[in-house]
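Visitor: fold the following for me, if possible:
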Amino acid sequence: MTLFRIARAAAGAAIAIILTAALYGGLQRLGWVLPRVPAGTASVHGPLMIAGFFGALIGVERAVALVAGSRDRRARLAFGVPLLCAAGALLLVLDPGSGAGRLALTAGSLGLVSVYAVVIWRQPTLFTATMGLGAYALLIGNALWAGGRPVYSIVHWWIAFLVLTIVGERLELARLVRPTPGRTQTFLAAAGLYIAGVALTYLNLDAGTRLAGAGMVALAVWLARFDIARRTVRQRGLTRFIAICLLAGYAWLGVGGLLALVAGAHGAAFTYDAILHSILLGFVFSMIFGHAPIIIPAVARLSVPYHPRFYAHLALLHASLVLRIGGDLANSAGARRWGGLWNEVALLVFIVSLAAAIRSGRHANVQATPHTHSLPAEQHIPQH
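Guide: All right, here's what the predicted structure looks like:
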């Protein structure tokens with residue numbers, strides 16, 4: 001077994017443990033009675049998912065892109081980012097109150113900022129700067145949490161990490177439809193509004209939440225109007241599936257933003273749940289569902305042939321999210337609890353579906369490259 005395969009297996013095992021612990025804690029938070037584990041993860045469900053799981057996942061993606069685009073061996077240091085994020089999350093799995101875990105996550109996010117500094121230096125563009133700001137948001141959120149701030153007060157920094165990373169990548173692809181200066185200015189206004197709102201949460205959580213909500217609505221409208229998915233949805237196969245995932249995700253980003261704008265930070269616990277999961281499940285996981293068949297071949301060198309069954313986990317995710325958010329807005333603990341359970345079932349179906357696709361790809365002896373399973377308009381990992 002080569003060193004690459006050993007590292008890939010170890011990284012996969014760590015990410016699987018983190019995801020499992022985070023999902024288990026999520027079910028506990030929803031009120032499901034589950035067997036007790038030595039260190040319950042309900043209190044760190046959010047940090048495990050965002051700072052741990054997504055920090056490691058995006059860290060791996062960025063490291064692969066950086067190493068592929070550089071002859072400098074020092075670029076391999078970028079793999080320290082996902083290692084630190086995974087190590088911090090694993091420490092939290094063992095001990096949810098671990099100060100060392102919080103510090104490791106903060107160090108990992110600092111490393112990610114450094115990686116984006118190199119990326120921006122090599123390619124100073126609006127989309128790389130946008131993704132770099134997302135890494136800064138993760139660093140600030142992790143540092144504030146490590147300093148003792150409660151999760152609810154800094155969660156918008158973590159959300160901004162994911163929103164700005166995704167929006168930056170979509171902005172990169174918007175170049176393919178020849179963006180006009182007006183489109184760029186509109187994007188800058190929407191992104192500036194959102195970033196200002198997130199920053200304001202540090203001083204005034206309610207006002208900042210509302211302003212960030214307005215910014216998310218503006219970004220959702222911009223993406224729905226100008227993203228290339230509006231064109232690719234007319235095609236077939238994987239390209240159309242990706243476009244549907246993206247457009248559905250933009251709708252949920254708008255829903256989450258609208259709820260934040262209306263409710264602010266003083267809404268009920270159910271409203272807080274609706275805001276977070278409209279964005280983190282409806283928006284973020286729609287992006288993951290759509291791009292996994294491209295990211296996995298690029299990062300893990302595993303072929304993921306498209307299959308129409310991919311629509312099953314996509315439909316289940318959005319149907320269960322409607323049930324969950326509807327339960328939140330109706331103050332129905334039962335609907336919220338069952339919706340949350342089926343949210344996690346959708347993620348498990350997604351994993352099983354991917355595993356089946358990878359297995360069929362091996363049988364078909366398909367050569368896995370970043371360009372194998374998508375049209376040029378939907379290349380996900382830029383070779384910076």
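
Visitor: distance-wise, check H291 relative to T165.
Guide: 12 Å (Cβ to Cβ, to the nearest Å). C-beta coordinates here come from the backbone N, C-alpha and C atoms, glycine included.

Visitor: over to G26?
Guide: Taken as Cβ to Cβ, the span from G26 to T165 is 22 Å.

Visitor: these two: which has the busier surroundings?
Guide: Of the pair G26 and T165, T165 is the one with more neighbours under other Cβ atoms under 10 Å, namely 26 against 22.

Visitor: from what I can see N142 touches A51, true?
Guide: Yes: N142 is within contact range of A51, at 5.6 Å (criterion: Cβ atoms under 8 Å).

Visitor: any common contacting residues for the two?
Guide: 105, 108-109 (Cβ atoms under 8 Å, 6 or more residues apart in numbering).

Visitor: counting neighbours, which of those comes out on top?
Guide: Sorting these by how many neighbours each has (other Cβ under 10 Å) puts L105 first, at 33 neighbours.

Visitor: show me how far the helix or strand containing that one is from its chain's centre.
Guide: Applying DSSP states H and E as the criterion places L105 in helix 99-122. Centroid separation for helix 99-122 versus its chain: 16 Å, with Cα atoms, centre = their mean, to the nearest Å.

Visitor: please apply the same query to stretch 236-249.
Guide: 17 Å.

Visitor: could you do stretch 224-233 as well?
Guide: 20 Å.

Visitor: straight-line length of that stretch, end to end?
Guide: Terminal residues of stretch 224-233 lie 12 Å apart, using Cα to Cα, to the nearest Å.

Visitor: buried sites along it?
Guide: 224, 226-229, 232-233 (16 or more other Cβ atoms under 10 Å).

Visitor: closest to P305 out of those residues?
Guide: Comparing those against P305 with Cβ to Cβ places T232 closest, at 18.5 Å.

Visitor: roughly how far apart are the closest one and I244?
Guide: 10 Å.

Visitor: next: V155.
Guide: When distance is defined by Cβ to Cβ, V155 is 28 Å away from I244.

Visitor: more crowded one of these two?
Guide: Neighbours per residue, other Cβ under 10 Å: of V155 and I244, the larger number sits with V155, 23 against 18.

Visitor: may I ask you to confirm that the more buried one is in contact with L276?
Guide: Yes: counting by Cβ under 8 Å, V155 does reach L276; the two are 6.8 Å apart.

Visitor: can I get the buried residues of stretch 224-233 in JSON lines including distance to E169 and pLDDT?
Guide: Output for the buried residues of stretch 224-233, formatted as JSON lines (distance: Cβ to Cβ, whole Å; pLDDT from 0 to 100):
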{"residue": "A224", "distance to E169": "16", "pLDDT": "93"}
{"residue": "F226", "distance to E169": "14", "pLDDT": "88"}
{"residue": "D227", "distance to E169": "11", "pLDDT": "87"}
{"residue": "I228", "distance to E169": "12", "pLDDT": "86"}
{"residue": "A229", "distance to E169": "12", "pLDDT": "86"}
{"residue": "T232", "distance to E169": "15", "pLDDT": "85"}
{"residue": "V233", "distance to E169": "18", "pLDDT": "88"}
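
Visitor: now, which of the residues you listed sits nearest A263?
Guide: A263 has its nearest neighbour among the buried residues of stretch 224-233 in A224, at 22.4 Å by Cβ to Cβ.

Visitor: low-confidence ranges, the chain, go.
Guide: 1-8, 37-39, 174-179, 363-384 (pLDDT under 70).
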